[in-house]
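# Prediction below, plus the sequence it came from.
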Amino acid sequence: MRGNEFAELQAFVCITEQGSFVRAAERLQVSPSALSQTIKGLEARLGVRLFHRTTRRVGMTQAGERLLKRLKPAFAEIESAITDTTELGEQPRGKLRLHTFRVGYQLYLEPLLAAFAETCPEIELDLTLDDHPVDMIESGFDGAIRLGELLEQDMVAIPLGPMLRHCVVASPDYVARYGKPRTPSELHQHRCINWRWPGQIHPYQWEFQRDSGWFRVAVNGPLIVNDLRAMLDAAVNGVGIAFSVEAWATPLIREGRLVTMLEPWCAPFDGFYFCYPRQRHHLAAMRAFIDFLKQHVR
C-alpha cells in the first residue's frame, strides 16, 4: 500500500469518528476542500461511494459501513504494534483502553488506581464504565472487566475474586411499613425497583435458585433505573425493594441502612474476570497491568 492510499484510509476513519468533514479537517490539520478531494480520490479508487453528503450531516453508505467495520480493528492493531515498539524501554508506558462493568470497577479496580499509578507512572488507563457488554476488538478496547457468564470466546480470562451472590434488600423503614416477602413469588405484592440492562428494552428479571434450578421473576414497582448504584440509593431512601450484588450492598447492610430478605433463594454465581484478546498480551503496558492485578487482587 502506497503512502497516499494509507492517508486516504486514515482520512476516511477520521471523518467517521468526528462526524463531519469540517471537524475531521481540523483534526488532520488540512482544509475541508483538501479532505473532500482525498475522499473523492478514495471513492474513485474503490469504485463506490462511502458517504451520503448533505448540507447538514454526513452519513455512511452501506459500502462505507462495511469498510469501517474492517478498518477499525486493523487500525487498532497497527496502533498496538507501534505502541509495543515504543515500549521496549525499561519502563512500561502507553495507554490501555479498558471497558469495565460499574460493580467490577468498584470492587476490584477503583481501590487499586492510586497504587497502580504509583507503580506504573508511564501507563495511562483510559476507562469506560458501562454495564453494556461490547465487542472489545471492534470497539478498540485492550481489555475488560466483566462477569464470567459474559466472557467472549477466544479471550484470555483472569479471575478477580470468588463467586458472587445476589441479595434482595430494602430499607428498615420499608420493612416496617410493608413487611418482607417470604418467597420470590410474593415480590409481586411489593414495590420493587427495576433495573434495565443498557441496550435492552425490558427490565432485568430477578434470578433465584431452588432445588429445581434457576428461575426468574419479573417484578413491578414505582421506579426503573439503568444504573445499579441508583437502584441501591433508591432502596436506602425507602422507594422499594432492590436486587443487587451482595458484595456491593454489604457496606450499606453493615451500617443498618439496608436489610436482607429471601436469602435461601439467593445462590452464588460466576464472578468477575479481567479478560483481553490474546494478541494484546505482548504489549508491555498490558503485561505490567496483568502482573499488577495478579499481585494485588485477591
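Cool, the structure landed.
# In this structure Gly41 contacts Glu8, no?
Yes: under the criterion of CB atoms under 8 Å, Gly41 makes contact with Glu8 at 6.3 Å. Where you see a C-beta, it was placed from the backbone N, CA and C, and this is true even at glycine.
# From the chain's centroid, how far away is stretch 266-274?
17 Å (CA atoms, centre = their mean, to the nearest Å).
# who touches it?
For stretch 266-274, the external contacting residues (CB atoms under 8 Å, 6 or more residues apart in numbering) are 101, 103-104, 107-108, 143-149, 151, 157-168, 207-209, 214, 246, 290, 293.
# Quick one, which of these are buried?
Buried members of those, counted by 16 or more other CB atoms under 10 Å: 101, 103-104, 107-108, 143-147, 151, 160, 164, 166-168, 207-209, 246, 290, 293.
# Would you report which members of those residues are assigned to helices?
Val103, Gly104, Glu246, Ile290, Leu293 (DSSP state H).
# In terms of pLDDT, where does the closest residue to the second one other than its chain neighbours sit?
Put plainly, it is Gly104. Nearest residue to Gly104 in three dimensions, chain neighbours excluded: Ile145, at 3.9 Å (CB to CB, 6 or more residues apart in numbering). Looking at Ile145, its pLDDT is 92.
# Spit out the contact partners of Ile145.
By CB under 8 Å, 6+ apart, the contact set of Ile145 is 98-101, 104-105, 108-109, 160, 272-275.
# Give me the subset of those lying in strands.
Using DSSP state E, the subset of the contacts of Ile145 located in strands is Leu98, His99, Thr100, Phe272, Tyr273, Phe274, Cys275.
# who does the first one bridge with?
Translated: Leu98. Beta bridges link Leu98 to Leu127, Gly143, judged by DSSP bridges.
# Compute the number of surrounding residues for it.
Neighbourhood size, Leu98 [other CB atoms under 10 Å]: 22.
# same check, this time on the fourth one
When counting by other CB under 10 Å, one arrives at 28 neighbours for Phe272.
# Now Asp173: closest residue in space, sequence neighbours ignored.
Excluding its sequence neighbours, the residue lying closest to Asp173 (CB to CB, 6+ apart) is Gly238, at 4.8 Å.
# nope, Ala63 is what I meant
Per CB to CB, 6+ apart, closest to Ala63 is Val48, 4.1 Å.
# Over to the one you found. Which of the three states is it?
coil (DSSP: H, G, I helix; E, B strand; the rest coil).
# My read is that it contacts Met60, right?
No: contact between Val48 and Met60 fails when scored by CB under 8 Å: they sit 11.3 Å apart.
# Identify each buried residue in the least confident helix or strand in the chain by mean pLDDT, please.
The helix or strand of the chain with the poorest confidence is helix 136-139; it has a mean of 78 (mean pLDDT, DSSP states H and E). Buried positions in helix 136-139, judged by neighbour count with 16+ other CB under 10 Å: Met136, Ile137.
# packing partners for that helix?
If contacts are counted by 3 or more CB pairs under 8 Å, 6 or more residues apart in numbering; DSSP states H and E, helix 136-139 sits against helix 62-86, strand 272-277.
# got a list of contacts for it?
Here helix 136-139 has contacts from 69, 72-73, 76, 99, 142-144, 152, 155, 275-277, using CB under 8 Å, 6+ apart.
# Mind giving me the ChimeraX command for buried ones among those residues?
To isolate the buried members of those in ChimeraX, using 16+ other CB under 10 Å:
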select :72,73,76,99,142,143,144,155,275,276,277
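# Return the member of the contacts of helix 136-139 nearest to Leu129.
His99 (8.4 Å; CB to CB).
# any idea of the mean pLDDT in the helix or strand where Trp214 lies?
Using DSSP states H and E, Trp214 sits in strand 213-217. For strand 213-217, mean pLDDT rounds to 90.
# can you check stretch 48-61 too?
On average, stretch 48-61 scores 80.
# Could you list the buried residues of it?
Residues of stretch 48-61 classed as buried by neighbour count (16+ other CB under 10 Å): Leu50, Phe51, Val58, Met60.
# Show me the shaky parts of the stretch 51-200 of the chain.
54-56, 80, 83-90 (pLDDT under 70).
# In space, what's closest to Thr119 - neighbours in sequence excluded?
Phe292 is the one closest to Thr119 (CB to CB, 6+ apart), at 6.1 Å.
# so of the helices and strands packed on helix 136-139, which one's packed in deepest?
Mean neighbour count (mean count of other CB atoms under 10 Å) peaks for strand 272-277 among the helices and strands packed on helix 136-139, with a mean of 23.
# That one relative to helix 62-86, how many degrees between them?
Relative orientation of strand 272-277 versus helix 62-86 (axes from the mean of the first three to the mean of the last three CA atoms, to 10 degrees): 100 degrees.
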